[in-house]
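Asks: Let's see this in three dimensions:
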Amino acid sequence: MHSIDPLDWTEGLESIAIYSRDETLIKKMKTSKYVKANIPGPGSDMGDFETQILGCQCSYCPEACPCTNKYGKTYEDGKINLSLIDGKSMVPIFECNTRCKCPSDCQNRVIQNGITTKLEVFHSERKGLGLRTLENIDHGMFVCEYAGEIISFDEAKLRTKRQTEHDMNYIIVVREHHGKGVMATHMWTRPIGGNIGRYLNHSCCPNLAMVPVRVNTMVPKLCLFANRDIPSQTELNFDYGHSSSLSNTGNVELPDSTKPCHCGAYSCKGYLPYEPLLYQ
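Replies: Residues are numbered from 1 along each chain as shown. Below you'll find the model as predicted:
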């Protein structure tokens, strides 16, 4: 029977173990069960988690594979098409899945292979726990997924209402535009848990971009890719509010629970992003 390394933040669920230099940190700070993939929560559509996406019939996936995006290859040499993370393309991304005929080393299978970069959880002076890389990361490389509990908009509003000024906001809202309108995904990482992505801090000038990717089901995997070359020992971060199509400086006043931002970026807005609709 395989034993779980008590110092591995991923509890053996990822292909690469993730540690901290301070071995006592995980014993003091890790307070929830590790979740590798999204799980259904209150109000979520169970059918989205169960319905399998039809696979391709390719023996080797060419550029015209029906699973890839219509502007060409989704990935090349294991890196994402940069137009998909720089805002120039809004097409949905599908990887080849368990119903596809192509082999496991198909070029359109990247995020499903999991984390491939050595990462480390550390304690920052002003932001609590954070995540940094122990290796150089090339522009366009997949770093990790941000996984948690998928909940409905109503449930997200209810949980937001329950929060106090001392609580952290664990709700991520992602909007995807399509022909029939906008589809929003609400994710919560407490108290059931989340994956290693939950230790990523916000930055107003982030080095990671979040991209929704689907593999076997219609539930999007919120995947983080490097939006520039990232040197080893650099803290990894993403913009918590970039995935929302609403402005955080609209007609809704800043809620009392809004947290100050300590990202240190020149363009820092001064406070962490929030979803205005959850406070209406």
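
Asks: Let me see the ranges of the strands in the stretch 1-150 of the chain.
Replies: Using DSSP state E, counting those that start in this stretch, the strands of the stretch 1-150 of the chain run over 39-40, 75-76, 79-80, 93-94, 119-124, 128-133, 142-146, 149-151.

Asks: Quick one, grab the pLDDT at the residue nearest the centre of the chain.
Replies: Of all residues in the chain, the one closest to the mean position by C-alpha atoms, centre = their mean is residue 146, 2.7 Å from it. Residue 146 is assigned a pLDDT of 93 by the prediction.

Asks: For it, which non-adjacent residue is closest in space?
Replies: Once flanking residues are discounted, residue 146 sits nearest to residue 197: 3.5 Å by C-beta to C-beta, 6 or more residues apart in numbering. C-beta: built from backbone N, CA, C; applies to glycine.

Asks: Over to residue 200?
Replies: Using C-beta to C-beta, 6+ apart, the nearest residue to residue 200 is residue 131, at 5.3 Å.

Asks: For the one you found, name its beta-bridge partners.
Replies: Taking DSSP bridges as the rule, residue 131 bridges to residue 121, residue 236.

Asks: contacting residues around it?
Replies: Listed by C-beta atoms under 8 Å, 6 or more residues apart in numbering, the contact set of residue 131 reads 119-122, 196-197, 199-201, 235-236.

Asks: repeat that with 6 Å
Replies: Taking C-beta atoms under 6 Å, 6 or more residues apart in numbering, we find residue 131 in contact with 119, 121, 199-200, 236.

Asks: And the helices in the chain, which stretches?
Replies: 23-29, 46-50, 153-162 (DSSP state H).

Asks: Can you name the residues that contact residue 229?
Replies: 138-139.

Asks: what about it, distance to residue 136?
Replies: 7 Å (C-beta to C-beta, to the nearest Å).

Asks: Also residue 86?
Replies: Counting by C-beta to C-beta - residue 86 and residue 136 are separated by 20 Å.

Asks: neighbour count winner among these two?
Replies: Set residue 86 next to residue 136 and count neighbours by other C-beta atoms under 10 Å: residue 136 wins out with 14 against 11.

Asks: wouldn't the more buried one be in contact with residue 232 here?
Replies: Yes - look at residue 136 against residue 232 with C-beta atoms under 6 Å: they come within range, at 5.2 Å.

Asks: which regions of the protein lie under the pLDDT threshold?
Replies: For the chain, residues meeting the criterion pLDDT under 70 lie at 1-2, 69-72, 87-90, 164-170, 179, 191-193, 242-258.

Asks: What's the local residue count around residue 238?
Replies: When neighbours are counted by other C-beta under 10 Å, residue 238 comes out with 24.

Asks: circling back: tell me what the residue nearest to the centre of the chain is bridged to.
Replies: Under the criterion used (DSSP bridges), residue 146 bridges to residue 222.

Asks: just the contacts of residue 131 now: which is nearest residue 52?
Replies: Checking these against residue 52 with C-beta to C-beta, the nearest one is residue 200 at 29.7 Å.

Asks: check contacts around that closest one.
Replies: Per C-beta under 6 Å, 6+ apart, neighbours of residue 200: 131, 236-238.

Asks: Repeat that for residue 227.
Replies: 85, 209.

Asks: how about a cut-off of 10 Å?
Replies: Residues in contact with residue 227, defined by C-beta atoms under 10 Å, 6 or more residues apart in numbering, are 80, 82, 85-86, 139-140, 206-210, 238-239.

Asks: go on, residue 67?
Replies: Applying C-beta under 10 Å, 6+ apart, the residues near residue 67 are 53-56, 58, 61, 74, 93-97, 100, 102, 106, 108-109, 214-215.

Asks: Kindly provide the distance from residue 262 to residue 16.
Replies: For residue 262, the distance to residue 16 - C-beta to C-beta - is 28 Å.

Asks: hang on, the earlier thing: going through the contacts of residue 227, which ones are buried?
Replies: By neighbour count, with 16 or more other C-beta atoms under 10 Å, the contacts of residue 227 hold 80, 85, 140, 206-210, 238-239 as buried.

Asks: between these, which is nearest residue 180?
Replies: Taking the buried ones among the contacts of residue 227 together and measuring to residue 180 by C-beta to C-beta, the closest member is residue 210, at 22.4 Å.
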